[in-house]
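Undergrad: Predicted model, plus sequence, below.
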Amino acid sequence: MNNHKAIVETRSLAIGYRSSGAARTVATGLNIQLRAGNMVCLLGSNGAGKSTLMRTLSGLQPALSGEIMIDDRQLGTLKPAELAQKLSLVLTDRIEAGNLTAREVVALGRTPYTGWLGSLTKKDHFKIAQSIEQTGISLLLDRHMHQLSDGERQKVMLARALAQDTPVILLDEPTAHLDLPNRVEMMRLLHTLARATRKAILLSTHELDLALQTADELWLMHPDGTLLAGLPEDLVLSGAFEATFARNSFSFDRATGTFIIHQPLDNAQIYLEGPEGPLFWAKRALQREGLGISRYRDAPCLIRVADAKNGFEAEIIFQNQTFKVSSVQALIVQMHLLFPSHGRSAAS
Amino acid sequence: MQPIQNRSWALLFLGILAVTLFCLDIMLGSVAIPFKEVFRIVTTGESENRAWLFIIEKIRLPKSITAILAGCGLSVSGLQMQTLFRNPLAGPSELGITAGAGLGVAAVMLAGGGSASMYAISQLGITGSWLIIGMASLGSAGVLGLILLIAGRIRDNVILLIVGVMIGTITLSIISIWQYFSQPEQLQEYIMWTFGSLGGVTGYHLYVLSGVVVAGLLLAFASSKSLNALLLGENYARSMGLTVGRTRLLIMLSTSLLTGSVTAFCGPIGFVGIAIPHITRSLLGTSNHRMLIPAACLTGTVLLLLCDVIAQLPGTQTVIPINVVTSLLGAPVVIWIIIRRNNLRSSFS
């Protein structure tokens, strides 16, 4: 987060769809700012209107009311060729032109600057080389698009957006279809790029964990059509982050910044203690089995976990008896013997 | 830079092939003329044998030039449509554009009564050729516009193709109704036209056809930057500053002119429009239209000249319709390419 000038700014923007006169509003009263050098993640559950906002900001869809300023110019007054020099996109659209090489795709990013035949000048070649270097795709250049993996293709599309040399880049779910290492790499790359190139980067994503770690700012879209912007940490601490994704089946652990699928149960009779690592995994396994973890040390059952040579070791102290186990599986088996009426064993 | 080198070899090979076939096409025919004489007539325009001079100058040369024009026109029109619709199966005949041109031709031939037969039109000279080109292009543009309108609502390629085939069928039915109520003499004229022929374009017609096809090709080449941008899809194209509506209009204009004019004079030559773009992409391994458009012209020229040579059944007095040859020769080629490459879908445009 910094106090640089906002490159994209909206004033009481309302977004939605208009079909045959009737407008279906998705979100209203949006006053948001996208600043140079910042990476902003747009979060919200499915159907909250992330794509509508992205499409409206990129000029692919008209706003219902309010205005969008890009570089102090109103979006609507910019000619397509002018807008193309201010804002570039990475979309989820499938690229069907598999015959294009990665190099050709990146070069297409120069389209707004080339003449009527699309011949590349020295400056174009320089910008293309620069964006290839920034995204680290120099080994992919002569490969055809249909020969690339999803992660590689996404990087090529990002390089194309960089070659378009715009102060703003919008990415619609750039981490969709990618495996975890590629998702992490993409987010890290975007964050580095925002800092290094002073570009304003906005991306919509479902990667809550990664967004919390890498984003300079979060935009939370609620299904009720409001948007909250702020530092990830502030949004977590104020409870706004939790509220956006509130569901009955899981909860957000503010202390660790992760989502917990199973809530502590009412019949919490177990207290866990020990070093962080084994504690975390033992807790997770017990919760999956439906065994509630108590927050208080005077719970009837105490489990003391510890690091061991072979990974895990635990002592169960229950009704003055002590049981030693040397794996999480053994721990679960023992717990079901001690609490036959609880958790999953109760149902069976 | 291996691929680039291969590309220039491929282009050189195509060029040599085109020149060879052009010579062969002029030399072969129902009347045997020695090669020396043919060469002399083409280069100097003189010959002792008046009949030979007439055959070369008035029949064979115009026919070969028509073959080149038709090859270029249909290939480039198919190439543009495949990119515009992002559909490997798009082509002038597949989406009913040729049928639309046919409707325009039928309107001139059948509605004009006995006086408007092809013979009568050719007597009209330049006015007649403009009339028939105009009507055929209008017919193509009408169908293309309708399909584009539907394409705006339907994103699915397969559904769009089905719609295109349906519109083509409707157009053909209208022609059929028209035929049903027409005189036999007019019918014969029209049916002969549907067989396709490269031989009917002479004199003024050839100038008109050349002018329109060259204009259409230039328009297509001028759109090559937009066509390249469209390869990534309409949203990306728009984000790169393309005015999609205007681009669509330009491509539509070029496609209608090319398909309309060629179809008006040579009849509905099927197949070239869908096959040549695929063959060209396979040969060059690129989707860049700046290279594809000229290369597709070369490939189209080669194919149509070859078809024309075969259609004359060298050594015999018989000539079979060009439409039959293009399909008989072309369809197996496309099937072969699909089977061999098996990635038509991912690399079509």
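TA: Done, it's in.
Undergrad: Quick check: the gap between the residue nearest the centre of chain A and chain B.
TA: For chain A, A:Glu207 is the residue whose C-alpha lies nearest the centre (CA atoms, centre = their mean; 3.0 Å). From A:Glu207 across to chain B, the span is 23 Å (CB to the nearest CB, to the nearest Å). (C-beta placed from N, C-alpha, C; glycine too.)
Undergrad: give the contact list for the residue nearest to that residue when sequence neighbours are not counted.
TA: Using CB to CB, 6 or more residues apart in numbering or on different chains and skipping the chain neighbours, the partner closest in space to A:Glu207 is A:Thr175 (5.3 Å). Counting by CB atoms under 8 Å, 6 or more residues apart in numbering or on different chains, A:Thr175 makes contact with A:182-183, A:186-187, A:205-207, A:210.
Undergrad: again, only this time at 10 Å
TA: Applying CB atoms under 10 Å, 6 or more residues apart in numbering or on different chains, we find A:Thr175 in contact with A:151, A:154, A:182-187, A:190, A:203-207, A:210-211.
Undergrad: For B:Arg60, state which of the residues you listed is nearest.
TA: A:Gln154 (56.2 Å; CB to CB).
Undergrad: Can you tell me the element the residue lying closest to that closest one once chain neighbours are set aside falls in?
TA: Nearest residue to A:Gln154, sequence neighbours excluded (CB to CB, 6+ apart): A:Pro174, at 5.9 Å. For A:Pro174, there is no enclosing helix or strand under DSSP states H and E.
Undergrad: A:Met69 should be in a strand, yeah?
TA: Yes. Assessed with DSSP: H, G, I helix; E, B strand; the rest coil, A:Met69 lies in a strand.
Undergrad: Could you identify the longest helix within chain A?
TA: Longest helix in chain A by number of residues (criterion: DSSP state H): helix A:180-197.
Undergrad: What is it packed up against?
TA: For helix A:180-197, the contact count by 3 or more CB pairs under 10 Å, 6 or more residues apart in numbering or on different chains; DSSP states H and E identifies strand A:39-43, helix A:122-135, helix A:150-163, strand A:168-172, strand A:200-204, helix A:208-214 as packing neighbours.
Undergrad: Mean neighbour count and mean pLDDT for the ones you listed - can I get that in a markdown table?
TA: Shown next, in a markdown table, are those (neighbours: other CB atoms under 10 Å in any protein chain shown; pLDDT from 0 to 100):
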| stretch | mean neighbour count | mean pLDDT |
| --- | --- | --- |
| strand A:39-43 | 26 | 94 |
| helix A:122-135 | 16 | 93 |
| helix A:150-163 | 24 | 92 |
| strand A:168-172 | 24 | 94 |
| strand A:200-204 | 26 | 94 |
| helix A:208-214 | 18 | 88 |
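Undergrad: circling back: ok, the residue nearest to A:Gln154 - contacts?
TA: A:Pro174 neighbours (CB under 10 Å, 6+ apart): A:90-92, A:154-155, A:157-158, A:161, A:183, A:186-187, A:189-190, A:201, A:203-205, A:207.
Undergrad: likewise B:Phe39?
TA: Neighbouring residues of B:Phe39 by CB under 10 Å, 6+ apart: B:23, B:26-27.
Undergrad: Leaving out sequence neighbours, find the closest residue to the closest residue to chain A within the stretch 51-200 of chain B.
TA: Chain A sits closest to B:Arg86 of the stretch 51-200 of chain B, with a gap of 5.5 Å, by CB to the nearest CB. Nearest non-adjacent residue to B:Arg86, counting by CB to CB, 6+ apart: A:Glu96, 5.5 Å away.
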